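Undergrad: I'll drop the sequence and a predicted model, then ask my questions.
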Amino acid sequence: MSWQARLAVPAEHLGVLVAPAAGDIHGNLGRPPAKELQRLSLLGRPVSVWRAALRAQLGLGDPVIGTGHQAEFFHAGVFAKLVAVSALARQCGGNSVFLLVDSDLPRSGSLRVPEITPDGLRCAELQLPGSDPLRPVEGQRAASRTAWQDFFAGIAARCAHYEADLLRSFAEAWLSCAAGPVDFCDALGRGLGDVARTLGLADVQMIRVSHFCQTAAFRAFAAELLMKAQRSGECYNAAQAAYRARHRVRTANRPVPPLLLSSERAEVPLWVYRDNGSRARLYVAARPDHIDLFADQQPIGSLATAELADPDRHAVPWPVEEAGWRLRPRALALAACARLLLADLFVQGVGGAQYDEITDDWLERFLGVGAAPYCCVSATLHLPLPRSGVGVAEVRAARRACRDACFNPQRHLPDLSESLLNERAALIRRSDELRRRDRRARAERRAVFTRIREVNEQLLDCHPGRVAELHRLADVLERQWRQDQLALDREYFVALHARRDLEELVSRLAEQLDARHVVVPEAR
């Protein structure tokens, strides 16, 4: 069984996940690129040349450990990836990179902040200034400093440890740009960098995907996809189908939808959109000397095949880019490009590590090679919020008791009428006899059943308060359980956690990622 098949998000507070083992991670990082990858070319130019040029452009030395995530207020499990690349880079003397995926739509227009109130725990939804759910993050309008100051003041009003821990310095770093509107991604990079430095992490270079897409290396990768769209799409779909069969995934569009291919057009795994516009899927149609591009059904321009095939033509924007169209990678294309052209090791979360099975299969089928190795790192932190400890089993038992009291009041109510209990027992015997003897005696069976319900209601009327008490207890338990789910949610923004917990998380991850760390198997 591969290590990817055993991945699971840690359930406990300060639980960490590192897979495969640290020794294997460092072993993969220390190996030279596979001979097949060394021989691979894009547009006739060796991948090694593209990699060297890209690293020089970004100011990176060897080796490069990369990771990334959507540009958002992410949780500690995602922050663990940033910790991991920093720790690994420090251990091997390399560079670390975090790709801020600003080409995705915002998953939420608000930030969930837990708040302890007189009525118990609740979550406040603080609206993100300037957020538009229909625009990619890079296309969001920058909001005013005043709006962001009010936003962070709203967090401070709900967090008792705001002044003492990382939230205040995070907010100050967020707002430390020059006067004027605040760009979300740039501010997020500053805030995360401040958190990382406060925790003693080695510098991690933040790179926006929108900027990464302006490099010649990315355009060369995209050109390869456009010119070989039909074959790339067939390989992509075969890898997606193989993953679904291997993991018994029934939904056709999981974990990623297949590309739409026809004799006239082929979908490529790229997004395309204009400023102030919504995203569309990119389709291409091959002609004798050029390739037509479509945003869904809308024609957006053509690219000369000879220019696409020329590796020296990609240092400058393509004509469709100059016309205002932005080409951005979808999930697997971004992972493939980053692992082929940027990183020597890529750190994924649980979902990304599983989906990169498709990435590897796609590249093997399409290019005949795999990409740089990857590993999985994740973690769980819980906020110090009040919890009752009520489990879902207790809630279900209480609800069953409420239901059972209606059908079997004798199990839950004391001092009931002997005559009613005797009549009920006789009716039940008669019902059983009719069911065994003659199932067609429906009218009589219905009459017996109706009388059993009437007797049950008479028994319940003997202690009406007891039944109400059972329902009240079930409601209380369910409310406590739901509040515990809020308290145990692992997806609260990482800077909401106490500094001591984040320092402990950094320490545990650094230990788990140290090549000298040995895991002793548990005795069976």
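TA: It's in. Numbers count the residues shown, from 1 in each chain.

Undergrad: use CA for all of it now, contacts and neighbours both
TA: OK.

Undergrad: Assumed residue 388 was part of a strand.
TA: No: residue state for residue 388 (DSSP: H, G, I helix; E, B strand; the rest coil) corresponds to coil; a strand is not indicated.

Undergrad: which residues touch it?
TA: Applying Cα atoms under 8 Å, 6 or more residues apart in numbering to residue 388 gives the contacts 480, 481, 484.

Undergrad: Let's see that with 10 Å instead.
TA: 477, 480, 481, 483, 484, 487 (Cα atoms under 10 Å, 6 or more residues apart in numbering).

Undergrad: Over to residue 337?
TA: With Cα under 10 Å, 6+ apart as the criterion, the residues that contact residue 337 are 217, 218, 220, 221, 222, 329, 343, 359, 371.

Undergrad: go with 8 Å
TA: For residue 337, the set of contacting residues under the criterion of Cα under 8 Å, 6+ apart consists of 218, 221.

Undergrad: next one: residue 505
TA: In this structure, residue 505 makes contact with 14, 16, 80, judged by Cα under 8 Å, 6+ apart.

Undergrad: and if you look at residue 88?
TA: Contact partners of residue 88, counting by Cα under 8 Å, 6+ apart, are 65, 94, 513, 514.

Undergrad: For the first one, what are phi and psi?
TA: Summarising the backbone geometry of residue 65 under the convention degrees, to the nearest 10, its torsions are phi -110, psi 120.

Undergrad: so residue 41 bridges to which residues?
TA: Residues in a beta bridge with residue 41, per DSSP bridges, are residue 46.

Undergrad: Any figure for the gap between it and residue 366?
TA: Residue 41 sits 12 Å away from residue 366, going by Cα to Cα, to the nearest Å.

Undergrad: Among those two, which residue is more densely surrounded?
TA: When neighbours are counted by other Cα atoms under 10 Å, residue 366 comes out ahead of the other of residue 41 and residue 366, with 19 against 14.

Undergrad: wouldn't the more buried one be in contact with residue 235 here?
TA: Yes: between residue 366 and residue 235 a contact is recorded at 5.7 Å, counting by Cα atoms under 8 Å.

Undergrad: all helices of the stretch 51-200 of the chain, in order?
TA: Counting by DSSP state H, counting those that start in this stretch, residue ranges of the helices within the stretch 51-200 of the chain are 76-92, 145-158, 166-174, 184-198.

Undergrad: low-confidence ranges in the protein?
TA: For the chain, the stretches with pLDDT under 70 are 1, 30-38, 162-164, 178, 517-524.

Undergrad: try it again with 50
TA: Low-confidence segments of the chain (pLDDT under 50): 520-524.

Undergrad: Go through it and flag its longest helix.
TA: Among the segments of the chain that qualify as a helix by DSSP state H, the longest is helix 464-487.

Undergrad: how is the protein carved up into domains?
TA: For the chain, the domain assignment from automatic domain parsing gives the residue ranges 110-203, 392-487.

Undergrad: which residues does residue 109 contact?
TA: Counting by Cα under 8 Å, 6+ apart, residue 109 touches 127, 128, 131, 132, 133.

Undergrad: which of these are buried?
TA: When neighbours are counted using 16 or more other Cα atoms under 10 Å, these contain these buried positions: 128, 131, 132.

Undergrad: contacting residues around residue 192?
TA: With contact set as Cα under 8 Å, 6+ apart, residue 192 has these partners: residue 170.

Undergrad: For the spatially most distant residue from the centre of the chain, what are phi and psi?
TA: Each residue of the chain has a distance to the centre, and by Cα atoms, centre = their mean the biggest one is for residue 419: 61.8 Å. The phi and psi torsions at residue 419 (degrees, to the nearest 10) take the values phi -70, psi -40.

Undergrad: And it, how far from residue 458?
TA: From residue 419 to residue 458 the distance is 11 Å (Cα to Cα).

Undergrad: Repeat that for residue 316.
TA: Taking Cα to Cα as the measure, residue 316 falls 85 Å from residue 458.

Undergrad: Next: residue 297.
TA: Residue 297 sits 68 Å away from residue 458, going by Cα to Cα.

Undergrad: The two: who's more crowded?
TA: In this comparison of residue 297 against residue 458, neighbours counted by other Cα under 10 Å, the higher total goes to residue 458 at 16 against 11.
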